[in-house]
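Asker: Could you look at this predicted model? Sequence included:
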Amino acid sequence: MKCKSGAFPLLIYAPFALFYSATILAEEYTDLPAPPSAMPSLSDAVYYLTISVNGQSDNQVVPITYRDGSYYVEAATLRQNHIRLSEQSVGQINISILSDVTVDYDQTIQQLKLTVPMHWLPEQSVDGGGQDPARVPARSSPGLLFNYNLYYTSPRSSSDSLSSWMEQRFFSSYGTLSNTGLYYFTSGNSTSQQEGYQRFDTYWRYNDNERMITYQVGDLISNSLTWSNSVRMGGLRIARNFGLRPDIVTYPMLQYTGTAAVPSTLDLFINGYKANSTSLNAGPFTLTNTPYLNGAGEATVITTDAQGRQISTTIPFYVSNALLREGLSDFDLSVGVLRQDYGVQNNSYTDDPAVSGIYRYGLTNKLTVSAHGEAIQDLYLLGAGVDFTVGRWGTLSSSYSQSEKEATGHQYTTGYSYYSSAFGLSVQHTKRSETYRDLTAVLTEGRLSRESYQATLSSQLFGEGNGSFGVGYFDIRAYDSTRTRLLNLSFSRQVWQGSSIYLAFNKALGENGYSAQLQFVMPFGRNGSINAGVQRESNGDYSPRVGVNRTAPTEGGFGWNTAYGAGRTPYHQGSLNWRGPYATMAGGTYGNEGDTTQWGELSGSLIYMNGGLFPSNRINDAFIVVDTEGYPDVPVKYENQLVGKTNKRGHLLVPWVVSNYPAKLEIDTLQLPANVTTPQVESRVSVKEGSGTIVKFPVHAVRSANIRLLNTEGNPLTLGTWITNEISGDTTISGYDGLAYFANLGTVNRLRFKQEDGRLCRVEFSLPESQTMMATIGPLTCQMTD
């Protein structure tokens, strides 16, 4: 133990010096008194000081005993400050004899400074500046939704047709029941599509947000891995759904562990950009919740203490979103019958039951294992795979599957990917035996491709800001050994003021000819753009093209589009669209001189909820109905953007809500009259997938008034007189000139107060029912009462 207390604290002498001085001044002496033989004994004194540990103090003042050159502190106080003691240690502990503890008394700030080993201090979890949505439970209110899309075409060379896509959806806290389908009508004998109603999907789905599990009954699509295939089924599906919890990051993120010798400030830079700045206490810390990243990069951690001394640490890292975080699992189990002829037949399912399942598990933050299985009559398939990072050099993946159907089949896959801010590379290889089968082959009665290679490369070839270059190579050998090889090259770059240029080259290797495209895009106005370019077909024909378009504003309005293409077969198109508050309409024409088609479209939604019918633009996911309890014209904001004002019933529909996201919803009270009360003006709301919810903001108009009151003698009430509204029970005090403010007034009101002489006095007055603004009433002279 090291004790750097030095001489006894000088502050203890101050009271005694004042005592002796006061004694001398209080009495008269003809001669100087004899000096005292000795100072009083102060070997056992109690101080009230703060304690700091390695420079960090909680600023709590605690009693500390100084005895015979040592400091004694209560054991509970020491444990609270991370001083390690035996379980038997109770009462006051002499910290001057504790091993590994250095004691120093700072009399200028009245603090006892302790220094302990770093590993004694608690580990801190430091926020790295990543997105961390607040956990708000998702909710749903009961209601009905009807989505529709009407599309009419009138080709010159064939019959007119009308199609109507529709969705009927019932939602509540017990899940979502949905049905989608299409009505198709034609004026002629077209054989391209069957007339009548075509059902697509019917299902009930329930999301358990807390456990991140989705249950679905009815039509479904099984989930798949990168080396397996999905199938349409009718049956039951139970699956992990990470989308239900946006506050959870599924893949391993950058983590850094360090130690701060003294309280410091930590600055985190990711690839040269500042991500966050936060305060550190002395002791070990772990950097978590870093910004969402993918690929290779470099993090720099800089700690700065109170004296300005800095320590900089550079951390190269590689983050792969193809992996699962350690201990996290993902799964999908689908059981039922396979669906066939989707989009052609309404109820075409196989007779034999089938099952498909996948499972993934984050074994470590660098290794994720996976498994897959399928089964139907006479077909069984099992497979396993791994994904792992190779240090800072990318991600490797591999899998093996074996099927049994009349004969044994095999599938092998390998892959590698690497991404950074400079370039990205992905290579995949799949090889199957001739006898390999899965559930998709059962449906199509066909065979899977025998082998495939694909490689893609994207790079900022000429440095950041000088354009992006991409290369793609695809080599597929079909089951009959026919081979297709494709090469794709592309380049894009911004040139000035938001304008960009795009080049593309496509070549089928082994065949004559190639196709290419050059396009220039320049924005104009708020939502408009001009594009011009030329396209080369594989047969050698060139087609110059030019187009001008303006998208309809999100808040509503008109948009339009026009384009013309020259060449061997000239092409033209033009359209006009309008986005209104309740629907979107569009129409136009396209084709060439010999074959022109006119078309029109209408889409939107109808919602029945909370006793009201709400027309709206197309709702694909979730929505909110704001209810101000009947108060109209209240401005509503969603994520700080003005949505609109409540209608005469006090309702407003917010149609473009992101499900499961804790969004900020608020009403703007600045434009409301002064006589309106709003106990709640803001709320964080999360809505369940595919449903809606009602959010209430009580808004009530109250009748209020400033009342000038006089006593029985006709003089203003004394300042500070207590006044009671006998009907509502509200109380207030009078201000200058006898003014008193009351809210929640009725048609008839009675006020009671005591005058200075102690006598009770009353005033009665009335307000008209039509009174909406704050009134000024009086002067009113009170009347005496018993």
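Answerer: Structure's in. What do you need?

Asker: List the buried residues for the one helix or strand residue 384 maps to?
Answerer: Using DSSP states H and E, residue 384 sits in strand 379-389. Neighbour-count burial for strand 379-389 flags 379, 381, 383-385, 387-389 (criterion: 16 or more other CB atoms under 10 Å). C-beta here means a position set from N, CA and C on the backbone, and glycine is covered the same way.

Asker: Can you give me the end-to-end span of stretch 458-472?
Answerer: End-to-end distance for stretch 458-472, by CA to CA, to the nearest Å: 9 Å.

Asker: Going by neighbour count, list what's buried in that stretch.
Answerer: Across stretch 458-472, burial judged by 16+ other CB under 10 Å covers 458, 467-470, 472.

Asker: now swap in stretch 777-786 and tell me
Answerer: Of the residues in stretch 777-786, 777-778, 782 count as buried by neighbour count, 16+ other CB under 10 Å.

Asker: can you check stretch 72-87 too?
Answerer: Within stretch 72-87, the residues scored as buried using 16+ other CB under 10 Å are 72-75, 77-78, 81-83.

Asker: which strands and helices sit next to the helix or strand hosting residue 359?
Answerer: Remark: residue 359 resides in strand 349-364, with elements defined by DSSP H and E. Applying 3 or more CB pairs under 8 Å, 6 or more residues apart in numbering; DSSP states H and E, one finds that strand 349-364 contacts strand 232-240, strand 329-339, strand 367-376, helix 439-444.

Asker: give me that answer again for 10 Å
Answerer: Counting by 3 or more CB pairs under 10 Å, 6 or more residues apart in numbering; DSSP states H and E, the packing neighbours recorded for strand 349-364 are strand 232-240, strand 329-339, strand 367-376, strand 379-389, helix 439-444.

Asker: Give me the mean pLDDT for it.
Answerer: The average pLDDT within strand 349-364 is 96.

Asker: got the angle between that strand and strand 379-389?
Answerer: Strand 349-364 runs at 30 degrees relative to strand 379-389, counting by axes from the mean of the first three to the mean of the last three CA atoms, to 10 degrees.

Asker: and the gap between the nearest residue to residue 751 once chain neighbours are set aside and residue 254?
Answerer: Closest residue to residue 751 apart from its sequence neighbours, by CB to CB, 6 or more residues apart in numbering: residue 763 at 4.7 Å. Applying CB to CB, to the nearest Å, the value for residue 763 to residue 254 is 71 Å.

Asker: go on, residue 154?
Answerer: Here residue 154 is placed at a distance of 58 Å from residue 254 (CB to CB).

Asker: okay, the angle between the strand holding residue 359 and strand 329-339?
Answerer: Using the same axes, to 10 degrees: strand 349-364 against strand 329-339 is 170 degrees.

Asker: which residues of the protein score low on pLDDT?
Answerer: The chain contains residues with pLDDT under 70 at 1-43, 127-134, 189-193, 289, 291-292, 445-446, 770-773, 786.

Asker: Save the buried residues of strand 379-389 as JSON lines, and put in distance to residue 285 too.
Answerer: Below are the buried residues of strand 379-389 laid out as JSON lines (distance: CB to CB, whole Å):
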{"residue": "379", "distance to residue 285": "54"}
{"residue": "381", "distance to residue 285": "48"}
{"residue": "383", "distance to residue 285": "42"}
{"residue": "384", "distance to residue 285": "39"}
{"residue": "385", "distance to residue 285": "36"}
{"residue": "387", "distance to residue 285": "30"}
{"residue": "388", "distance to residue 285": "28"}
{"residue": "389", "distance to residue 285": "24"}
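
Asker: which among these gets closest to residue 237?
Answerer: The shortest approach to residue 237 among these belongs to residue 381, at 18.2 Å (CB to CB).

Asker: Quick check: bridge partners of that closest one?
Answerer: residue 374, residue 403 (DSSP bridges).

Asker: Quick one: residues contacting it.
Answerer: Counting by CB atoms under 10 Å, 6 or more residues apart in numbering, residue 381 makes contact with 228, 356, 372-375, 401-405, 409, 411, 436-439.

Asker: How about residue 136?
Answerer: If a contact means CB under 10 Å, 6+ apart, then residue 136 has 247, 660-663, 683-687 as its contacts.

Asker: Secondary structure element for it, which one?
Answerer: Using DSSP H and E, residue 136 falls outside every helix and strand.

Asker: Of all pairs in the buried residues of stretch 72-87, which one is the farthest apart?
Answerer: Spatial extent of the buried residues of stretch 72-87 (CB to CB) is set by the pair 72 and 82 at 18.4 Å.

Asker: Mind giving me the ChimeraX command for buried ones among the contacts of residue 136?
Answerer: A single ChimeraX command suffices to select whichever of the contacts of residue 136 are buried according to 16+ other CB under 10 Å:
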select :660,661,662,663,683,685,686,687
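
Asker: Make JSON lines from the contacts of residue 136 and add secondary structure and distance to residue 589 to it.
Answerer: Shown next, in JSON lines, are the contacts of residue 136 (DSSP: H, G, I helix; E, B strand; the rest coil; distance: CB to CB, whole Å):
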{"residue": "247", "secondary structure": "coil", "distance to residue 589": "49"}
{"residue": "660", "secondary structure": "coil", "distance to residue 589": "42"}
{"residue": "661", "secondary structure": "coil", "distance to residue 589": "40"}
{"residue": "662", "secondary structure": "coil", "distance to residue 589": "45"}
{"residue": "663", "secondary structure": "strand", "distance to residue 589": "40"}
{"residue": "683", "secondary structure": "strand", "distance to residue 589": "47"}
{"residue": "684", "secondary structure": "strand", "distance to residue 589": "47"}
{"residue": "685", "secondary structure": "strand", "distance to residue 589": "43"}
{"residue": "686", "secondary structure": "coil", "distance to residue 589": "44"}
{"residue": "687", "secondary structure": "strand", "distance to residue 589": "40"}
